[in-house]
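Enquirer: Sequence first, then the predicted structure:
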Number of protein chains: 2
Amino acid sequence: MSTKQKVLLLGATGATGISILDGLLETKQFDVEVLVRPSSVEKPSVQQIKDRGVPLRVSDLNASQEELVSTLQGIGILISAIGPHDVLQQKTLVRAAKSAGIKRFIPCAFITIAPPQGTMLLRDEKEIIYNEIKRLELPYTVIDFGYWHQISFPCLPSGRVDYVVWYMRDIGRFVSRIIVDERTVNKYVYTWGDILTENEILDIVEELSGEKVKSQHKSVQEMENQLDDAQSSLSLDPTDPGKRTLVYIAQYVYSKYVRQDNQPRYANYFGYLDARELYPDFKPISFRELFTEVLQGKGKTPDGH
Amino acid sequence: MSTKQKVLLLGATGATGISILDGLLETKQFDVEVLVRPSSVEKPSVQQIKDRGVPLRVSDLNASQEELVSTLQGIGILISAIGPHDVLQQKTLVRAAKSAGIKRFIPCAFITIAPPQGTMLLRDEKEIIYNEIKRLELPYTVIDFGYWHQISFPCLPSGRVDYVVWYMRDIGRFVSRIIVDERTVNKYVYTWGDILTENEILDIVEELSGEKVKSQHKSVQEMENQLDDAQSSLSLDPTDPGKRTLVYIAQYVYSKYVRQDNQPRYANYFGYLDARELYPDFKPISFRELFTEVLQGKGKTPDGH
């Protein structure tokens, strides 16, 4: 019988989940299984996972606690990379995880550094789940990321980097280390690659591509207006996922550029552990390296290559 | 000119505030001033503080930001021991503290260990203030206490311990150390004296007094009913301070006895620092010592002796 740690991953087909799954499998250190909804079993993205030899556990998050607890039997570490509109659905999972004796729950965090309450709606919904975890005294680790390299570069006039889809290679590698590290139990950890200003990013992009990029600089006033507009629009139709997404995006922008939250300084203030200090031997890909790969046509494409 | 750290204390006439004031003055390490509302200046309890040579700063928390910032000029450490019904009024103070460049803000915490969100209304209002502090990246320390010895013992049939009012000697002594300790910046710290079960407390009380005490044991069901009743009553009249207080009390009881939150194990889970580990040389009074003093008539009385 395998003595590997049993890890169950929810949300394995999302951009974050794919990276986590790859990172977990790469180490060969875990018995990885994937949790999917009954309605998703036949999806090509799920079938691809199955084809890689990863067992599926099938359950709905609104199933009975009994069923959920039974679904989690034998699992040591439960990772949730649930989609942004389903964050609150994790509540049932948290309770089942407690009953099933899960050793560590990794709730869906995986966002930029930002304070709770009022700055980012998405962050606030995650906080509700963190608080449920804490109420139940369930062992956990919150893992946050910096802003992704892959959405940090502007389009080039030639259009030659437009083929790239989001793929965060290092996220899964960080997660694989963090979830078995005793130092990170009941802690917040942030992971990061480069710390660059927008001007530094532009300089790298122009230098490597040889193309002149039009500045997309927005004023604080413009970002505030964008946020106000998105929030007003959502308030008229609070359940519209599209409008909600626009608020998420406007708040990301506001938090990142106006408040300047997403920085090691602020993570440190919140008591986060720094994954780069925890794993000094691990070198994440730099923005320069990633953009070089993208220019060479080695970026991830929608068909997975 | 004095080189002592300037400390401003709000709420100095409350049970917690008195202990903090005494603790601060006792060390002779601080230039202590007290913040009072204009309407409170003439109160005997405030005059008593003035008579001890403690300067007053007078301002309303709903004064303009400009006035509040001016009131805080020159202060290094700001401690709030505001009353339970005024917790949210600290919001203006937090913002003024940020503008005034306060080096450390000690928000009104000073309660038992409990999780945020839904377990204790009083805790949740404090959390709103903690989050405002974090949003502004204001340096802070949250200091929580165990349950007070002084409200942990039952009445004796003889009535001879009924004269005692709440007076928490060690609280101020802990606070005086914590607020100048670099290890506690942007951290949560809990302080405690004894860890005792209710039965152990009863045994000590009976042994020392020689009296037989009637058990006040309540069943979980009774405590749940008490909580439900208090919450229903408050929901009919949400602004009634008396009904609010009954909810606070019922939630304290529920958190302490049913959920069993108030324990080092849970504080540790939350990442609190343990003041006893930080200051191993400091010996707080034990319950046994305190109850001995009370039996000897040395407990604090309402006229302050």
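Expert: In hand now; what should we look at?

Enquirer: Roughly how far does residue A:264 sit from chain B?
Expert: Distance of residue A:264 to chain B, given as C-beta to the nearest C-beta, to the nearest Å: 13 Å. In this view, the C-beta of every residue, glycine as well, is placed from N, C-alpha and C.

Enquirer: May I have the phi/psi pair for that residue?
Expert: Backbone geometry at residue A:264, expressed as degrees, to the nearest 10, gives phi -50, psi -40.

Enquirer: residues contacting it?
Expert: Neighbour list for residue A:264: A:190, A:192, A:195, A:274 [criterion: C-beta atoms under 8 Å, 6 or more residues apart in numbering or on different chains].

Enquirer: Touching, the third one and residue A:265? I think so.
Expert: Same thing as residue A:195. No: with contact defined as C-beta atoms under 8 Å, residue A:195 does not reach residue A:265; the gap is 10.1 Å.

Enquirer: wait, residue A:78 sits on residue A:10?
Expert: Yes: here residue A:78 reaches residue A:10: they are 7.5 Å apart, a contact under C-beta under 8 Å.

Enquirer: For residue A:39, what are phi and psi?
Expert: Dihedral angles (degrees, to the nearest 10) for residue A:39: phi -70, psi -10.

Enquirer: State the pLDDT value of it.
Expert: Looking at residue A:39, its pLDDT stands at 94.

Enquirer: repeat for residue A:123
Expert: 96.

Enquirer: was I right about it contacting residue A:108?
Expert: No: in this structure residue A:123 lies outside contact range of residue A:108 using C-beta under 8 Å: 11.2 Å.

Enquirer: thinking again about what came up before, kindly indicate the member of the contacts of residue A:264 with the most neighbours.
Expert: Highest neighbour count within the contacts of residue A:264, by other C-beta atoms under 10 Å in any protein chain shown: residue A:190, with 24 neighbours.

Enquirer: Which residues are in contact with each of residue A:78 and residue A:10?
Expert: With C-beta under 8 Å, 6+ apart as the test, residue A:78 and residue A:10 both reach residue A:93.

Enquirer: From chain B, how far out is residue A:62?
Expert: As judged by C-beta to the nearest C-beta, residue A:62 and chain B stand 21 Å apart.

Enquirer: Run a quick neighbour tally on that residue.
Expert: Residue A:62 - counted by other C-beta under 10 Å - has 10 other residues nearby.

Enquirer: What number of residues are in the vicinity of the nearest residue to it once chain neighbours are set aside?
Expert: Ranked by C-beta to C-beta, 6 or more residues apart in numbering or on different chains and with sequence neighbours excluded, the top spatial neighbour of residue A:62 is residue A:92, at 6.5 Å. With neighbours defined by other C-beta under 10 Å, the count for residue A:92 comes to 18.

Enquirer: Tell me the pLDDT of residue A:92.
Expert: pLDDT, residue A:92: 97.

Enquirer: Residue A:5 touches residue A:104, doesn't it?
Expert: No: applying C-beta under 8 Å as the test, residue A:5 and residue A:104 come out as separate, 9.6 Å apart.

Enquirer: Of the two, which one has the most company?
Expert: Using other C-beta under 10 Å as the criterion, residue A:5 and residue A:104 rank with residue A:104 on top: 21 against 17.

Enquirer: Bridge partners for the more buried one, pull those for me.
Expert: In this entry, residue A:104 is beta-bridged to residue A:77, by DSSP bridges.

Enquirer: Let me know whether it touches residue A:75 as I believe.
Expert: No: under the criterion of C-beta under 8 Å, residue A:104 makes no contact with residue A:75, lying 10.0 Å away.

Enquirer: follow-up on the earlier one: what helices and strands are in contact with the strand or helix carrying the residue nearest to residue A:62?
Expert: Using DSSP states H and E, residue A:92 maps to helix A:90-100. If you count contacts as 3 or more C-beta pairs under 8 Å, 6 or more residues apart in numbering or on different chains; DSSP states H and E, helix A:90-100 packs onto helix A:65-71, strand A:77-80, helix A:121-135.

Enquirer: Nearest residue to residue A:29 in space, please, no chain neighbours.
Expert: Counting by C-beta to C-beta, 6+ apart, residue A:4 is the residue found nearest to residue A:29 once chain neighbours are left out, at 6.5 Å.

Enquirer: and the one you found, how many neighbours does it have?
Expert: Neighbours around residue A:4, by other C-beta under 10 Å: 13.

Enquirer: One more: residue A:214?
Expert: Around residue A:214 there are 10 residues (other C-beta under 10 Å).

Enquirer: what's the answer for the one 4 residues further on, then?
Expert: With neighbours defined by other C-beta under 10 Å, the count for residue A:218 comes to 14.

Enquirer: Repeat that for the one 10 residues further on.
Expert: The burial metric for residue A:228, expressed as a neighbour count using other C-beta under 10 Å, is 12.

Enquirer: What of residue A:169?
Expert: Neighbours of residue A:169 (other C-beta under 10 Å): 17.

Enquirer: so how far is chain B from it?
Expert: To chain B, residue A:169 is 31 Å away according to C-beta to the nearest C-beta.

Enquirer: for chain A, which spans come out with low pLDDT?
Expert: Within chain A, the set of residues satisfying pLDDT under 70 comprises A:1-2, A:165-167, A:301-305.

Enquirer: near chain B, which residues of it show up?
Expert: A:115-119, A:128, A:131-132, A:134-135, A:137, A:186-187, A:266, A:269-271 (C-beta under 8 Å from any C-beta of the partner chain).

Enquirer: from those residues, which would you call buried?
Expert: A:115-116, A:119, A:128, A:131-132, A:134-135, A:137, A:186-187, A:266, A:269-270 (16 or more other C-beta atoms under 10 Å in any protein chain shown).

Enquirer: Dump those into TSV; add distance to residue B:22 as well.
Expert: As requested, those are exported to TSV (distance: C-beta to C-beta, whole Å):
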residue	distance to residue B:22
A:115	35
A:116	35
A:119	39
A:128	40
A:131	35
A:132	40
A:134	34
A:135	35
A:137	35
A:186	35
A:187	36
A:266	37
A:269	32
A:270	33
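
Enquirer: could the contacts of residue A:264 be laid out in a markdown table, adding secondary structure?
Expert: Formatted as a markdown table, those follow (DSSP: H, G, I helix; E, B strand; the rest coil):
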| residue | secondary structure |
| --- | --- |
| A:190 | strand |
| A:192 | coil |
| A:195 | coil |
| A:274 | strand |
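
Enquirer: re earlier: select from the residues of chain A next to chain B every entry located in strands.
Expert: Using DSSP state E, residue A:187 are the members of those that sit in strands.

Enquirer: for chain A, what spans make up the helices?
Expert: A:15-27, A:44-51, A:65-71, A:90-100, A:121-135, A:169-178, A:198-209, A:220-236, A:241-253, A:264-269, A:275-278, A:287-295 (DSSP state H).
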